[in-house]
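Peer 1: A predicted structure for the sequence below; I have some questions about it.
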Amino acid sequence: MVRENPIPTRLKQARKKAKITQKDLGIKIGMEPSSASGRMNHYEKGRHTPDITALQRMADELGVPLNYFFCEDDSTAELVCLIDKLSEDEKILLISKLTSNVSE
C-alpha cells in the first residue's frame, strides 16, 4: 500500500496556524522573494518535496518539530507538537506513564 506524502498537508496546516503567507514563509527561510510564493505553493500541492534542510528551516520558523511534517494523522501531529513543548524530565515521566499503561 502506497501512503500519501504527509508533508504538503502538514506544511499548509502549520503555515495557516502561524498566519503567514506562502511568500513570507519562503522569504523567511531564505528563498528569493520573486520565487518564494511559487515554490512554497509547489511544496503545499505536493508537486515538489523540500529537502531536509529547507524542511528544518520551515519547522523552526513555524514553531513545530521537524517530525511533525511526517505525521500521517492529525492526532499524532498534535501529540508531537505537545510533546515537543515538554521538558526532558516531563518527557521521561510521560514515557514512563505510557509504558506502564501499555504493559498492564
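Peer 2: Perfect, thanks for sending it.
Peer 1: how close does the residue nearest to Asn5 when sequence neighbours are not counted get to Thr9?
Peer 2: Excluding its sequence neighbours, the residue lying closest to Asn5 (CB to CB, 6 or more residues apart in numbering) is Gly46, at 5.8 Å. All C-beta spots, glycine's among them, are computed from the backbone N, C-alpha and C. With distances taken as CB to CB, to the nearest Å, Gly46 is found 9 Å from Thr9.
Peer 1: which one is Gly63 nearest to, not counting chain neighbours?
Peer 2: Leaving out its chain neighbours, the residue that sits closest to Gly63 by CB to CB, 6+ apart is Ala18, at 6.7 Å.
Peer 1: Now that we're looking at the one you found, what pLDDT does it have?
Peer 2: At Ala18, the model reports a pLDDT of 96.
Peer 1: quick one, what contacts it?
Peer 2: Ala18 sits next to Leu25, Glu61, Leu62, Gly63 when contact means CB atoms under 8 Å, 6 or more residues apart in numbering.
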